[in-house]
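Undergrad: everything below, folded, please.
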Amino acid sequence: MYVRNVARGDVLRRAIGVGLAALSGCGVALNTRDADGPRSTLSLTALDLTAEATYFEATPNDSFESAESVDIASAPSAIEGRVEIGGDVDVYDLGPVSIGERVMVTMDSDPALFGAIALFDADGTALLVNDHRNAYLGRTEPFIDVIALYDSSSCYVAVTSTPGFASSGDYTLVAAKQSGAAPPSPRPDTVLLVFSGGANVRIGGRPAIHVPPFDAASISPDYSGQTRRMMGEVVQRVRDDYAAYEVTILSTSEGTTYESGMSRVFFGTYDPALLGVAEGVDEFNATRDQEAVVFTDTFDAFMKLSPTVDQMSQALANVTSHEIGHLLGMVHTADSIGLMDVTASLRELMRDQVFARSPIYSAVFPLGHQDAPQYLLDTIGGDPSLVTPFFVLANKRALKVFDENDLAPARAVMPLSTCALP
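TA: Modelled structure (predicted):
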């Protein structure tokens with residue numbers, strides 16, 4: 001199975017966090033509905049960490065291998081450093097972390113520096129990414145506040161400027177640990193796929209839109225009369241994507257109606273640059289009643305490849321599962337076989353994508369990985385035995401090498417994206 005055979009005692013393996021970052025997702029969520037949920041009890045408490053600077057940046061420290069060691073075992077420690085323009089990243093090793101320990105990091109910087117920080121476990125997997133665009137708490141300074149689910153021999157914090165915001169300046173980090181917290185249990189979710197349309201659908205700060213009932217012919221007249229078949233294919237493929245996890249996928253095409261507590265994905269209408277958009281990146285699935293839209297009419301861009309009904313259904317399902325992934329807290333990655341990817345060509349989007357451990361997309365953070373399967377197991381629960389086996393992922397990557405000359409047209413040369421942000 002995909003979950004790697006690594007001893008639990010050496011893996012911080014996804015933390016349960018409370019710093020909700022609205023970055024590099026599909027849209028921005030500006031509310032904190034359900035804020036009393038088990039994963040957001042700390043998010044409403046401002047961190048007030050103080051310490052004298054005892055550590056000063058020593059270069060090179062731009063990778064996990066060259067990370068500078070910082071001792072926070074007995075008391076908070078302050079670190080002074082500087083981020084330079086040009087992709088500078090500073091990495092610090094906060095030492096071992098045990099299950100139930102709360103890891104906190106605050107950042108104070110020059111006004112000219114638009115800072116971003118991230119926390120990683122011993123194998124370089126991101127536990128939380130946060131930058132100056134923290135819409136959930138209305139804060140402009142990035143911070144880390146998580147509770148470890150597993151032990152780890154190292155816990156890294158990395159500092160850089162927010163990708164896409166060229167800036168530089170001095171910063172001070174204050175890092176601390178606090179023991180004795182009870183790791184929250186996974187939090188299952190229910191998502192309703194809405195093919196019946198919707199009025200005044202508002203995603204984050206975007207203008208409200210009217211979404212008409214889904215009609216396959218609105219993608220192309222070639223699909224006239226295929227609406228019911230295409231809806232059924234999309235529903236089943238999305239269910240397959242989430243079969244290993246505690247996410248219930250319902251659909252209006254099967255007669256289900258909306259109830260409070262469901263997240264919703266609407267299907268229909270057009271956007272000149274987007275295939276889909278979601279409210280935001282809801283770290284650790286802390287918020288209920290979120291929404292996303294799959295702009296089905298925009299999928300007309302695929303028609304130059306003459307997709308079959310099955311291929312178009314697969315593309316729609318991939319984007320749907322991607323947007324739901326944001327509502328559950330996952331960020332963008334750069335791995336065309338992965339569902340959270342934003343680099344695949346249109347032809348690759350017509351192939352079955354899966355949740356995978358993938359490099360974080362550079363517009364989110366310049367280093368590290370996101371382990372989507374383990375994140376979902378930890379955050380919403382599931383059955384590890386049903387996770388896509390590693391050999392399947394390896395085979396998909398091997399096939400991609402052979403197919404790389406047959407992937408045009410690439411999305412990079414077309415005016416559309418999977419999501420609202422890079």
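
Undergrad: list the contacts for Asp215?
TA: Applying CB atoms under 8 Å, 6 or more residues apart in numbering to Asp215 gives the contacts 227, 268. Backbone N, C-alpha and C define where each C-beta goes, glycine included.

Undergrad: apply 10 Å and report the result again.
TA: Going by CB atoms under 10 Å, 6 or more residues apart in numbering, Asp215 touches 195, 197, 223-224, 226-227, 230, 267-268, 296-297.

Undergrad: assess the claim that Leu399 and Asp352 are in contact.
TA: No: counting by CB atoms under 10 Å, Leu399 does not reach Asp352; the two are 11.2 Å apart.

Undergrad: just the strands in the stretch 101-250 of the chain please.
TA: Here the stretch 101-250 of the chain has its strands, by DSSP state E, counting those that start in this stretch, at 102-109, 115-120, 126-131, 143-148, 156-161, 169-178, 189-194, 198-201, 209-211, 247-251.

Undergrad: okay, now the unreliable bits of the stretch 51-200 of the chain?
TA: In the predicted model of the stretch 51-200 of the chain, residues 134-140 satisfy pLDDT under 70.

Undergrad: shared neighbours of Leu399 and Asp352, which are they?
TA: By the contact definition CB under 10 Å, 6+ apart, Leu399 and Asp352 are jointly contacted by Ile337.

Undergrad: count the neighbours of Thr227 for me.
TA: When neighbours are defined as other CB atoms under 10 Å, Thr227 has 18 of them.

Undergrad: for Ser179, same thing?
TA: Other residues lying near Ser179 total 11 when counted by other CB under 10 Å.

Undergrad: what's the closest non-adjacent residue to it?
TA: Closest residue in space to Ser179, ignoring its immediate chain neighbours: Glu101 at 5.2 Å, by CB to CB, 6 or more residues apart in numbering.

Undergrad: what's the answer for Asp222, then?
TA: The shortest distance from Asp222 to any non-neighbouring residue, by CB to CB, 6+ apart, is to Met303 (7.2 Å).

Undergrad: pretty sure that neighbour contacts Ala315?
TA: No: using CB under 10 Å, Met303 makes no contact with Ala315, being 11.1 Å away.

Undergrad: who touches both of these two?
TA: Joint contacts of Met303 and Ala315 (CB under 10 Å, 6+ apart) are Ile219.

Undergrad: and this protein, what are its domains?
TA: Following automatic domain parsing, one gets these domains for the chain: 8-178, 189-413.

Undergrad: so Val247 makes contact with Phe355?
TA: No: counting by CB under 10 Å, Val247 stays clear of Phe355, with 11.2 Å between them.

Undergrad: quick one, which of those two is more surrounded?
TA: Set side by side, Val247 and Phe355 show more neighbours around Phe355, with 28 against 25, by other CB under 10 Å.

Undergrad: please name the nearest non-neighbouring residue to the more buried one.
TA: Excluding its sequence neighbours, the residue lying closest to Phe355 (CB to CB, 6+ apart) is Ala372, at 4.0 Å.

Undergrad: likewise Thr269?
TA: In space, Thr269 is closest to Val211, 5.2 Å off (CB to CB, 6+ apart).

Undergrad: what do you get for Asp352?
TA: In this structure, Asp352 finds its nearest non-sequential neighbour in Gln314, 6.1 Å apart by CB to CB, 6+ apart.

Undergrad: neighbours around Gly325, how many?
TA: Neighbour count for Gly325, taken as other CB under 10 Å: 29.

Undergrad: can you give me the offset of the helix or strand hosting it from its chain's centre?
TA: With elements taken from DSSP states H and E, the one containing Gly325 is helix 309-327. How far helix 309-327 lies from its chain's middle: 15 Å, per CA atoms, centre = their mean, to the nearest Å.

Undergrad: quick one: the helices in the stretch 201-350 of the chain?
TA: All helices of the stretch 201-350 of the chain, identified by DSSP state H, counting those that start in this stretch, fall at 227-241, 309-327, 346-349.

Undergrad: can you check which of those gets nearest to Gly280?
TA: helix 309-327 (6.8 Å; CB to CB).

Undergrad: buried set for the closest one?
TA: Using 16 or more other CB atoms under 10 Å as the test for burial, helix 309-327 gives 311-327.

Undergrad: by contact count, what packs against it?
TA: Packing partners of helix 309-327 (3 or more CB pairs under 10 Å, 6 or more residues apart in numbering; DSSP states H and E): strand 189-194, helix 227-241, strand 247-251, strand 263-267, strand 276-278, strand 291-294, helix 346-349, helix 372-380.

Undergrad: give the other helices and strands that the fourth one contacts.
TA: Counting contacts by 3+ CB pairs under 10 Å, 6+ apart, the secondary-structure elements packed against strand 263-267 are strand 189-194, strand 198-201, strand 209-211, helix 227-241, strand 247-251, strand 276-278, strand 291-294, helix 309-327.

Undergrad: in its sheet, what does it sit against?
TA: If you go by DSSP bridges, strand 263-267 pairs up with strand 189-194 (parallel), strand 291-294 (parallel).

Undergrad: what distance separates the shortest one from the middle of the whole chain?
TA: So the one you mean is strand 291-294. Relative to its chain's centre, strand 291-294 lies at 15 Å (CA atoms, centre = their mean).
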